[in-house]
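Enquirer: After the sequence you'll find the predicted model.
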Amino acid sequence: MSTTARIKRELAIYGGILGIALVLAGLLAVGGAGYAYTNPPVEDLPPEEYDVQEFGVTVTHAATVTGETPLYAEGETIENKPVYFTNSTPELDLTVETDVPDDRTVGLTHRLVLVHRGTFNDDVVWEREETVIAEEASISDGTHETTASVDVPDVVERVNAYESAMAGVGSVSTELRLETTYAAPAQGGETYEGSLSGTVPFEVGNDAYWLDGDLSATTTESRTRQRGTRQLSPDMTTVYGGLGIGVVLILVGTGLIVWNVRGQDVHELEMEIVRSKYDEWISTGEFPADSDKQYIYITTLEDLVDVAIDTNKRVIYDPDLETYSVVDDDLIYYHAADPTQIDSWVGLSGSQ
């Protein structure tokens, strides 16, 4: 009971202010829901890639059988084999194949070289280059091929000479290197410019030779532009949640204001709290009316209970008069919400 009374007392004192605060909070929640509905989020679109173009280059190889061999027919052309034999196919044809956009004119340069290199403890001692292909071209149909031949016995002879000059110190290696540049117009008045390159070991011996891997390179060029923003749909969870919370807060706040306006007896609620706290010292009975007694008014019920404890008496509660009293011989200590009414009642009783 005391807990309920305490809550009622606090609401009686602060309920009006709390109710106004709840109504204002509810209005803010409803306003926020309305704002979320009328101002949905905006998403930044990712940049758009356009005018995407690919540039690629590949080196293929082939050889025509010119020497007698049981492996191939004379005059047969063999292509992209893992190994070639020097006696039957002494000349290797190297072809640079280019694949570029076919909707614009593309400028190309090719440089295909044999690189001989002498190393010692992984450090380069010397290097020599032999140009196989050096070309500039302008194409508009998207493809281009350039072919040149390598005399393999001549290469073997030079490699043997390099190895002899090294006198067994370090090692000699040969590789095939490709360097290609391109230039092509791009949308917006810009130009795509770049280079493609790659290397592959060229293993040569007195009896056979081979390219140890593929030699190719590709790249992609493109332009980007901003795409702006787009408006998303309102977050209806936020909208409905804000409306629901707002309506509840407004209703609760309005109820508190109405309850508070009707008026609540704070003194009566405080009496109820004290009555519940000191219930073991209070009994129900009649208020004594005797003109021979001296009546002393006590300001609070709590102080009246202290008097009862000090005098080892009980507090008597008269529900008809809503009055508490402690009788100590000729002294009557009492407390009432309206002490003037008790004073007049005692006077009447004493005169009868």
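Expert: Cool, got the structure.
Enquirer: Let me see the ranges of the helices in this protein.
Expert: 2-38, 152-166, 236-261, 266-277, 301-311, 339-351 (DSSP state H).
Enquirer: rank those by pLDDT, which is bottom?
Expert: Comparing mean pLDDT across the helices of the chain, the weakest is helix 339-351, with a mean of 62.
Enquirer: Could you check how far D214 is from A161?
Expert: 29 Å (Cβ to Cβ, to the nearest Å). In short, each C-beta sits where N, CA and C put it, glycine included.
Enquirer: cool, and L18?
Expert: From L18 to A161 the distance is 104 Å (Cβ to Cβ).
Enquirer: More neighbours: which of the two?
Expert: L18 (17 against 12; other Cβ atoms under 10 Å).
Enquirer: Which residues does the closest residue to E129 other than its chain neighbours form beta bridges with?
Expert: With sequence-adjacent residues excluded and distances taken as Cβ to Cβ, 6 or more residues apart in numbering, E129 is closest to V113, at 4.8 Å. Judged by DSSP bridges, the bridge partners of V113 are T131, R177.
Enquirer: Count the neighbours of the closest residue to G198 other than its chain neighbours for me.
Expert: The shortest distance from G198 to any non-neighbouring residue, by Cβ to Cβ, 6+ apart, is to A217 (4.7 Å). Counted with other Cβ under 10 Å, residues neighbouring A217 total 16.
Enquirer: go on, A33?
Expert: 22.
Enquirer: What's the separation between it and A289?
Expert: For A33 relative to A289 (Cβ to Cβ), the value is 64 Å.
Enquirer: do T323 as well
Expert: In terms of Cβ to Cβ, T323 sits 11 Å off from A289.
Enquirer: More neighbours: those two, which one.
Expert: Neighbour tally, T323 and A289, criterion other Cβ under 10 Å: the higher count belongs to T323, 20 against 17.
Enquirer: contacting residues around that one?
Expert: T323 sits next to F287, Y317, Y334, H335, A336, I342 when contact means Cβ atoms under 8 Å, 6 or more residues apart in numbering.
Enquirer: Now for those: which two are most distant?
Expert: Y317 and I342 (13.1 Å; Cβ to Cβ).
Enquirer: For the two, indicate the residue with more neighbours.
Expert: I342 (22 against 19).
Enquirer: Quick one: residues contacting S138.
Expert: So S138 contacts T105, V106, G107, L108 (Cβ under 8 Å, 6+ apart).
Enquirer: one more time with 7 Å
Expert: T105, G107 (Cβ atoms under 7 Å, 6 or more residues apart in numbering).
Enquirer: Which pLDDT does the model give it?
Expert: 95.
Enquirer: try the one 5 residues further on
Expert: What the model reports for T143 is a pLDDT of 94.
Enquirer: That one: what's it in contact with?
Expert: T98, D99.
Enquirer: Go again with 6 Å.
Expert: D99 (Cβ atoms under 6 Å, 6 or more residues apart in numbering).
Enquirer: what's the answer for R230, then?
Expert: Per Cβ under 6 Å, 6+ apart, neighbours of R230: E43, L45.
Enquirer: Now with 8 Å, please.
Expert: V42, E43, L45.
Enquirer: Tell me the spacing between it and Y37.
Expert: R230 is 18 Å from Y37, by Cβ to Cβ.
Enquirer: count of neighbours near the nearest residue to Y72 once chain neighbours are set aside?
Expert: Spatial nearest neighbour of Y72, excluding adjacent residues (Cβ to Cβ, 6+ apart): V65 at 4.4 Å. For V65, the neighbour count with other Cβ under 10 Å is 19.
Enquirer: right, and V65 touches Y84 too?
Expert: No: contact criterion Cβ atoms under 8 Å: V65 and Y84 do not qualify, at 9.7 Å.
Enquirer: any common contacting residues for those two?
Expert: I78.
Enquirer: which residues does the residue nearest to Y72 contact?
Expert: Y72, A73, E74, G75, E76, T77, I78, S88, T89.
Enquirer: Using neighbour counts, trim those to the buried set.
Expert: Y72, S88, T89 (16 or more other Cβ atoms under 10 Å).
Enquirer: Local confidence estimate at the first one?
Expert: pLDDT, Y72: 93.
Enquirer: just the second one next, same as before
Expert: S88 carries a pLDDT value of 95.
Enquirer: got the phi/psi numbers for it?
Expert: phi -90, psi -30 (degrees, to the nearest 10).
Enquirer: what do you get for the last one?
Expert: Phi and psi for T89, reported as degrees, to the nearest 10, are phi -130, psi 70.
Enquirer: if I look at Q231, how far off is G32?
Expert: 19 Å.
Enquirer: got it, and F85?
Expert: F85 is 84 Å from G32, by Cβ to Cβ.
Enquirer: Does T77 touch T64 like I think?
Expert: Yes: when contacts are counted by Cβ under 8 Å, T77 is listed as touching T64 (4.9 Å).
Enquirer: Before I go, just wanted to say thanks for your time.
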